[in-house]
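>>> Task: produce atomic coordinates for the following.
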Amino acid sequence: MFLHIGENESVLLESVIGIFDLETTTTMQTTKDFITNAEKNGEILINSEVMPKSFILTEEGGIDSLYVSSVNVATLRKRIEQLTKDKFDPSELKSCEIIFSREEK
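The predicted structure follows:
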């Protein structure tokens, strides 16, 4: 299954390691450093002209990628829930634990 993350881009749902809110996570220096290093290493795959709201970390075939998205975490969560409805037990989606561990306010 594929998760649409905005800007005509989709990622394989099983490759998602985590989905993070840019506003709340970039207050920590370690996250800022992580994103800076990903940018230097060419691992950022989407740079939207629209204000970015989240970033999605994926790993597929041993390759890590960081997607910057204009779609917020709550919307991505709803998309995952819709994709997995009646198909999987959400507890089996270990790669999406982060998105389900914190409710969007």
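
>>> tell me which helix or strand of the protein sits lowest on mean pLDDT?
helix 97-101 (a mean of 46; mean pLDDT, DSSP states H and E).

>>> what's the spatially most central residue of the chain sitting at in phi/psi?
Nearest residue to the geometric centre of the chain (C-alpha atoms, centre = their mean): Ile56, 2.1 Å. In terms of degrees, to the nearest 10, the main-chain angles of Ile56 are phi -120, psi 120.

>>> ok, the residue nearest to it when sequence neighbours are not counted - contacts?
Spatial nearest neighbour of Ile56, chain neighbours left out: Tyr67 (4.4 Å); criterion: C-beta to C-beta, 6 or more residues apart in numbering. For the C-beta atoms, the positions are set from N, CA and C on the backbone; glycine is no exception. Counting by C-beta atoms under 8 Å, 6 or more residues apart in numbering, Tyr67 touches Ile5, Glu9, Val11, Ile44, Leu45, Ile46, Phe55, Ile56, Thr58.

>>> now do 7 Å
Tyr67 is in contact with Ile5, Glu9, Val11, Leu45, Ile46, Phe55, Ile56, Thr58, counting by C-beta atoms under 7 Å, 6 or more residues apart in numbering.

>>> A helix includes it, no?
No - according to DSSP: H, G, I helix; E, B strand; the rest coil, Tyr67 belongs to no helix; its state is strand.

>>> Distance of it relative to Thr26?
Using C-beta to C-beta, to the nearest Å, Tyr67 is found at 15 Å from Thr26.
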